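Asks: predicted model and sequence below, questions to follow.
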Amino acid sequence: MEIKHISHFQDQSNYKLFGLMPDNEEIHSFELTNKNGMKVQFINYGATVTSLQIPLVSGKLVDVVLGFDTLESYLSSYNLPSAPYFGTTVGRYAGRISKGKFTLNDETFQLVGNNNGNTLHGGNIGFGRRVWNVTDITNGENPSITFGLLSEDGDENFPGEMHVYLTYTLTEANELKLDYKATTTKDTVINLTHHSYFNLDGHDASVLNQQMFIDASKMVETDADNIPTGKFTDLSNHDFDFRTVKNCPFPIDNSFVIDSNDKVAAQLFSEKNNLKMSVYTDQPSVHIYVGGNCFDILKGKENAVYHPNSGICFETQNFPDAPNQAHFPNSVLKKDEEYNQTTVYKFEKLK
């Protein structure tokens, strides 16, 4: 059962009012803390991660994701020439769909062309701009919060009424675990991802001194509009071969084909803070994005001025434009099936 009113929760110590939507709907901020002192904050606007604080050896906390202090800043960020999607849950379809069009069961669906005539991150009002319900909160060991969203049939012209649930769990092993579930009343397409911009040196620093590993021997080839051609780029002797650890690139906006789901998909390393982040996923791709959408005019949390190399996204997901590429992994969710996805961001001290 969906709990729409937060007051149903007896323990009110782990949430507070974050702001009001234009229609005066309340948006709340929630905090999970584990026994190591790691803290994660969320808002139910976009089921968004607003802060992710990791304890360092010194005992100091470092906030490793970009974000804003106010709801107004999140809302107004969508008025920029290209929205940053800080920390949001992206859907119904993360990444680009060519010309905003796909065919399913012999029916063609025309979506909104919100990115050079293509559909990006679900259209104009994707899941990151929706108010989610909070359906469950658990405290104690491995605390968690579950957000739920009802996406109506025809939402952004996608078929099927879709119920989506996202559970964030903060484990005692300093992991932020994301479990997604979705069902639909009609066959549809789906591709959900998480859009935090990470920076292990702190959200007010540059990522360019941090190193990265990606378990990928190829990436999705794209054209000038960043639409997949259907081919793959071999990364042997390529600048973007991160099977050997190297510095974060700038700029980058590419989908890497993960070689194995049985081990770490990607890692980020900060020598400054002696921190390592490991990304685990059951998805076929991790989309790496640096470069952007900050324009040196965005004031972030704590008066930080964000710039194009302030953060790096590790978007675990299906390939962009998979609905139009028969040989890409399946992106169709049938009405009698359940979509499941798990991604883990694990934080550890460097050996």
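Replies: Yep, it's here.
Asks: right, and Glu175 touches Val344 too?
Replies: Yes. Proximity of Glu175 to Val344 meets the contact threshold set by C-beta atoms under 8 Å, at 5.1 Å. In this view, the C-beta of every residue, glycine as well, is placed from N, C-alpha and C.
Asks: give the contact list for Gln210.
Replies: Contact partners of Gln210, counting by C-beta atoms under 8 Å, 6 or more residues apart in numbering, are Asn199, Leu200, Asp201, Asn247, Cys248, Leu268, Phe269, Ser270, Glu271, Ile312.
Asks: return the set of residues that bridge with the fourth one.
Replies: Here Asn247 sits in beta bridges with Gln211, as judged by DSSP bridges.
Asks: the strands in the stretch 201-350 of the chain, which residues?
Replies: Assigned strands in the stretch 201-350 of the chain, in chain order: 211-214, 216-222, 228-234, 246-247, 252-258, 266-270, 275-281, 285-290, 298-299, 305-306, 312-317, 332-333, 339-349 (criterion: DSSP state E, counting those that start in this stretch).
Asks: repeat for the stretch 51-200 of the chain
Replies: Taking DSSP E, counting those that start in this stretch to define them, one finds strands in the stretch 51-200 of the chain at 61-63, 89-90, 96-97, 101-104, 107-110, 119-120, 133-138, 144-151, 162-170, 175-184, 188-189, 193-194, 197-198.
Asks: how about the contacts made by Lys346?
Replies: Residues near Lys346 by C-beta under 8 Å, 6+ apart: Ala173, Asn174, Glu175, Leu176, Met277, Ser278, Val279, Tyr280.
Asks: try 6 Å
Replies: Lys346 sits next to Glu175, Ser278 when contact means C-beta atoms under 6 Å, 6 or more residues apart in numbering.
Asks: before we move on, what about Gln283?
Replies: By C-beta under 6 Å, 6+ apart, the contact set of Gln283 is Thr316, Gln317.
Asks: mind redoing it with 10 Å?
Replies: Applying C-beta atoms under 10 Å, 6 or more residues apart in numbering to Gln283 gives the contacts 94, 191-193, 258, 261, 265, 315-319, 329, 341-343.
Asks: pLDDT weak spots in the stretch 151-300 of the chain?
Replies: Residues of the stretch 151-300 of the chain meeting the criterion pLDDT under 70: 292-297.
Asks: ok, back up a step: which among the contacts of Gln210 count as buried?
Replies: For those, a burial check counting by 16 or more other C-beta atoms under 10 Å picks out Asn199, Leu200, Asp201, Cys248, Leu268, Phe269, Ser270, Ile312.
Asks: please report the distance of the fourth one from Tyr289.
Replies: Between Cys248 and Tyr289 the distance, using C-beta to C-beta, to the nearest Å, works out to 11 Å.
Asks: likewise for the fifth one?
Replies: Distance from Leu268 to Tyr289, counting by C-beta to C-beta: 13 Å.
Asks: give me the common contacts of these two.
Replies: Common neighbours of Leu268 and Tyr289, using C-beta under 10 Å, 6+ apart, are Ile312, Phe314.
Asks: low-confidence ranges, the stretch 1-150 of the chain, go.
Replies: Residues of the stretch 1-150 of the chain that meet the cut-off, pLDDT under 70, sit at 1-13.
Asks: and Ser58, how many neighbours does it have?
Replies: If you count neighbours by other C-beta atoms under 10 Å, Ser58 ends up with 9.
Asks: I'd say it and Lys272 touch.
Replies: No. Shown here, Ser58 and Lys272 do not form a contact pair, counting by C-beta atoms under 10 Å, at 11.9 Å.
Asks: hang on, the earlier thing: pick the most buried one from the strands of the stretch 51-200 of the chain.
Replies: The highest average neighbour count among the strands of the stretch 51-200 of the chain, using mean count of other C-beta atoms under 10 Å, belongs to strand 193-194 at a mean of 28.
Asks: can you give the strand pairings for that one, parallel or anti for each?
Replies: With DSSP bridges as the test, strand 193-194 pairs up with strand 89-90 (antiparallel).
Asks: pull the contacting residues for the residue nearest the centre of the chain.
Replies: For the chain, the residue sitting closest to the mean C-alpha position, by C-alpha atoms, centre = their mean, is His194 at 1.3 Å. Neighbour list for His194: 47-49, 85, 87-90, 94, 128, 166, 168, 176, 178, 180, 313-317, 341, 343, 345 [criterion: C-beta under 10 Å, 6+ apart].
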